[in-house]
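Asker: structure for this input, please:
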Amino acid sequence: MPRAVSSLREITRTVSAIGLLIWLSAVAYAEEKIKFPIGVGTKTLGTSTAWVALKKGFFDEAGLDVQLILLRGTPITTQALVSESLYVALGSADATIGAAASGLDLLGVGGVVNGLTQAIVAGKNYKSFKDLRGSTVGVQALTSGATNVLKRIFKQNGLDYPADYKLLAVGGGSFNLAALTSGQIGATYLVVPLDYDAAQQGFNVFQGLLSELSAVRSSGEAELGGKEPRALGALSQGRSARASLALCEQRTGGGFFGQRNPSKA
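Answerer: From the prediction side, this is the model:
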């Protein structure tokens, strides 16, 4: 057999062996990563911690194969945590407290936003609170913390629930804005950056919940329903990177927050 042919075969075998080793290593690495579903409500500044952690690879570094699952409202999120369809969820402190008080095995383990970040936004024909008398107001859930604060603010402005207005649970975040845009509701509360979107569309931004009712405090909590604390480290890294992301959004005119429709996420 010619020496050149023999050498070529040796090279072929070596390359094949290296390729097989690389493939086996990749398979083994993939098998080592733990599937870890995390629930989020929508793409807003408050939930950006999870999205940043995913994009930056923080979950991969923790050995987690994370799937971000978009859910509509706190009740659905709580049910998913209890059934272990989710291991962690970005929700509200009041939801965690209520679930724990009713005997569910859920635990709040970390804050994402230390305060109320929503702003009250009304339709184009509503210039003040008194104009909202008889209207329907959209909320994430009828018993959420932000909804309770909104009801107190409305009461301070002369509107009692349910005598003077109705509440409709539409899901929060992008769902609130969609319901307002379609005319399904007369007002709602929106978080950054959705309130800016609404203002650009000509809707009336009354004020932020925190500025109106500074004595009431609420915080978004990460609810731990599973057993993998490694996810919390990745979420914490995501939180640290969130400020940089927001600055990039300002300078580039969108990108991450450019796709806020949950159906397109």
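Asker: may I see the buried residues of the one helix or strand R152 maps to?
Answerer: R152 belongs to helix 145-156 when elements are defined using DSSP states H and E. With burial defined by 16 or more other CB atoms under 10 Å, the residues of helix 145-156 counted as buried are G145, A146, T147, V149, L150, K151, R152, I153, F154. Yep, even glycine has a C-beta here, placed from its N, CA and C like the rest.
Asker: flag the shaky bits of the stretch 1-150 of the chain, pLDDT-wise.
Answerer: Within the stretch 1-150 of the chain, the stretches with pLDDT under 70 are 1-31, 42-43, 46, 73, 112-114.
Asker: please enumerate the helices of it.
Answerer: Listed in chain order, the helices of the stretch 1-150 of the chain (DSSP state H, counting those that start in this stretch) span 3-32, 48-56, 58-61, 74-82, 93-101, 145-156.
Asker: again with the stretch 151-265 of the chain
Answerer: 174-182, 194-200, 209-212, 230-252.
Asker: what's the neighbour count on D195?
Answerer: 22 (other CB atoms under 10 Å).
Asker: any idea how far the closest residue to it other than its chain neighbours is from A99?
Answerer: Among residues not flanking D195 along the chain, A119 sits closest, at 4.3 Å (CB to CB, 6 or more residues apart in numbering). A119 sits 27 Å away from A99, taking CB to CB, to the nearest Å as the criterion.
Asker: residues contacting A198?
Answerer: Neighbour list for A198: V121, L177, L180, L190, V205 [criterion: CB atoms under 8 Å, 6 or more residues apart in numbering].
Asker: out of these, which are buried?
Answerer: Buried among the contacts of A198 (16+ other CB under 10 Å): V121, L177, L180, L190.
Asker: hang on, the second one packs against D197?
Answerer: Spelled out, that is L177. Yes - assessed by CB atoms under 8 Å, L177 is found in contact with D197 at 6.6 Å.
Asker: what's the overlap in contacts for the two?
Answerer: Residues touching both L177 and D197 (CB under 8 Å, 6+ apart) are L190.
Asker: now the contacts of A198 as TSV including distance to K166?
Answerer: Putting the contacts of A198 into TSV (distance: CB to CB, whole Å) gives the following:
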residue	distance to K166
V121	17
L177	19
L180	15
L190	19
V205	21
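Asker: follow-up on the earlier one: and the angle from the helix holding R152 to helix 93-101?
Answerer: In this structure, helix 145-156 runs at an angle of 120 degrees to helix 93-101, with axes from the mean of the first three to the mean of the last three CA atoms, to 10 degrees as the basis.
Asker: can you list the domains in the protein?
Answerer: Split into domains by automatic domain parsing, the chain comes to 32-115+218-264, 119-212.
Asker: distance of I69 relative to G41?
Answerer: Taking CB to CB, one finds I69 at 10 Å from G41.
Asker: the two: which has the busier surroundings?
Answerer: Applying other CB under 10 Å to I69 and G41 shows that G41 carries more neighbours, namely 27 against 15.
Asker: ok, the more buried one - contacts?
Answerer: Counting by CB under 8 Å, 6+ apart, G41 makes contact with T47, L70, L71, R72, G73, T77, L90, G91, Q140, G171, G172, G173.
Asker: out of those residues, list just those in strands.
Answerer: Cross-referencing these against strands under DSSP state E gives L70, L90, G91.
Asker: in the sheet, who's paired with the last one?
Answerer: I take that to be G91. E221 (DSSP bridges).
Asker: wait, isn't it in contact with Q79?
Answerer: No - between G91 and Q79 there is no contact under CB under 8 Å: 11.7 Å.
Asker: residues contacting V40?
Answerer: Counting by CB under 8 Å, 6+ apart, V40 makes contact with T47, A50, W51, L68, I69, L70, L71, A89, L90.
Asker: now these: which count as buried?
Answerer: Counted by 16+ other CB under 10 Å, those give T47, A50, W51, L68, L70, L71, A89, L90 as buried.
Asker: may I see these arranged in a markdown table, with distance to G57 as well?
Answerer: Below are those laid out as a markdown table (distance: CB to CB, whole Å):
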| residue | distance to G57 |
| --- | --- |
| T47 | 18 |
| A50 | 13 |
| W51 | 12 |
| L68 | 14 |
| L70 | 21 |
| L71 | 24 |
| A89 | 21 |
| L90 | 19 |
